[in-house]
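Student: give me a 3D structure for the following:
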Amino acid sequence: TPNKINRMFDFNPGFGGPLRRDKVWFYLSARRAISSKWMADEFYDKNANNPNVWKYEPDLSKPVSNDSDANDGRLRLTVQAAPKVKAGLLYVQQTARNWPSILDVTGAPGGTLLAAEAGPYHYFPVERQVTGDITAPLTNKLLIDGAAKMTYERAIRDPIRDVSPAMINVLEQSTGRQYRARQFFINRSSSVYYYRAAVSYITGAHAFKFGAGDIWGSQEERDWDINPVSYRFNNGVPNQITMRAYPIDFAVDVDHQFGAYAQDRWTVDQLTLNAGLRLDW
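Tutor: Numbering: from 1, shown residues only. As a prediction, the model looks like this:
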C-alpha cells in the first residue's frame, strides 16, 4: 500500500497595521495545521499489548496513520524610535505533536522499521522565540545595526497511549523491525541566547565594517524507560538481550561560541584592496 493522505488542514490568518501613526506598527498572525497520512505498508499489530505473544502480525484491516498538528502564534512590533532609529520585536509561541511517530533508526520519517506501538508520542509543549533588532543609520556614511534572540524549547518522547507497561521491545533481525514497545523515552528542555552587532562606515571608495556575535545556552535531558531490557530475535529465536540502567539525567552547556570580525575595502581607480580579520572563540 502506498502513502496516502488521510486528511490535511492548514489555517493561517494574519493582520496588521499602525498602533500609532508614523511611530508604531504591528503584525499578528496565527496558524493551525493538521496532517494525517496513511503510511506505506504500515499496519497495527494484531498482538499489540499481549505480553504472552512475541510475534509481529500486521492487521491488514487497520492501517497506521501518522498524525501531527502544530499551533503557531506570533506578534511583530516595529517602532520608529527616532527619525533615524528603527527597532523591532518579534514574539513567537508554538506547540507541536506527532503520533505514533513512525521513524526508522536513522530518524527518517516514514520508515518501515518501527511498528506503531514502538513509535513514540512525540510532542513539543512549548517552543518560544523572542527576537529584538535595531537599525540606526546615524549619518549617510555610518550605520549601526544589531539583534538579540532568545529561544526556549521542550521536547518530549513519551510512550504512545494505551501501551501496556508489560510489553518489552523486540528487534527482529530478519526484517529489521522493532515492535511490541519502544526502548526508551526522553524529556528535554533547552535554552539558547544569541546576539549580533555591527558598525559600518561606507563612502564611495571606502567601506569598513566591524562586528561581533555570540551564542550560548544549555540543555537538560532525562532518558528513561518502562522496561530495563530489550530483546533481539532472528526469525523468532532470541539471540541477544540489552540491559539499560535508566533513568539518566544529564546537562550540556555551551558557554560561548563567539566571533568578531573587521573588514575593509578600498577602491582606487581600477584597483580594489580587500582586507579582513576574524576571531573565533
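
Student: thought Asp72 was touching Gln94?
Tutor: Yes - if you go by C-beta atoms under 8 Å, Asp72 and Gln94 touch, sitting 4.8 Å apart. From N, CA and C alone the C-beta is placed, and that goes for glycine too.

Student: counting contacts, what elements does the lengthiest strand in the chain pack onto?
Tutor: In the chain, assigned by DSSP state E, the strand with the most residues is strand 58-82. Packing contacts for strand 58-82, counted by 3 or more C-beta pairs under 8 Å, 6 or more residues apart in numbering; DSSP states H and E, involve strand 24-45, strand 85-99.

Student: now Ala116: phi and psi?
Tutor: Dihedral angles of Ala116 (phi, psi; degrees, to the nearest 10) stand at phi -60, psi -40.

Student: quick one, what contacts it?
Tutor: Ala116 sits next to Glu42, Tyr44, Asp45, Ala48, Val64, Pro100, Ile102, Ile160 when contact means C-beta atoms under 8 Å, 6 or more residues apart in numbering.

Student: ok, so of these, who is nearest Gly213?
Tutor: Ile102 (38.7 Å; C-beta to C-beta).

Student: so how many other residues sit close to Ala205?
Tutor: 11 (other C-beta atoms under 10 Å).

Student: name the element the nearest residue to it once chain neighbours are set aside belongs to?
Tutor: Using C-beta to C-beta, 6 or more residues apart in numbering and skipping residues adjacent in sequence, the residue nearest Ala205 is Thr267, 4.7 Å away. In this assignment (DSSP states H and E), Thr267 forms part of strand 259-268.

Student: on contacts alone, who are the packing partners of whichever helix or strand comes after that strand?
Tutor: Downstream of strand 259-268, the first helix or strand assigned by DSSP H and E is strand 271-280. Judged by 3+ C-beta pairs under 8 Å, 6+ apart, the packing partners of strand 271-280 are strand 259-268.

Student: output the strand it packs on as PDB, restricted to C-alpha atoms.
Tutor: Provided in PDB are the C-alpha atoms of strand 259-268 (Å, rounded to 0.1, in the frame of the first residue of the first chain):
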ATOM      1  CA  GLY A 259      33.000  35.600  16.800                       C
ATOM      2  CA  ALA A 260      34.300  39.100  16.000                       C
ATOM      3  CA  TYR A 261      35.500  40.500  12.600                       C
ATOM      4  CA  ALA A 262      36.800  43.600  10.900                       C
ATOM      5  CA  GLN A 263      36.800  44.000   7.200                       C
ATOM      6  CA  ASP A 264      37.900  46.900   4.900                       C
ATOM      7  CA  ARG A 265      37.600  47.600   1.200                       C
ATOM      8  CA  TRP A 266      39.500  50.400  -0.600                       C
ATOM      9  CA  THR A 267      38.900  51.200  -4.300                       C
ATOM     10  CA  VAL A 268      41.300  53.500  -6.100                       C
END
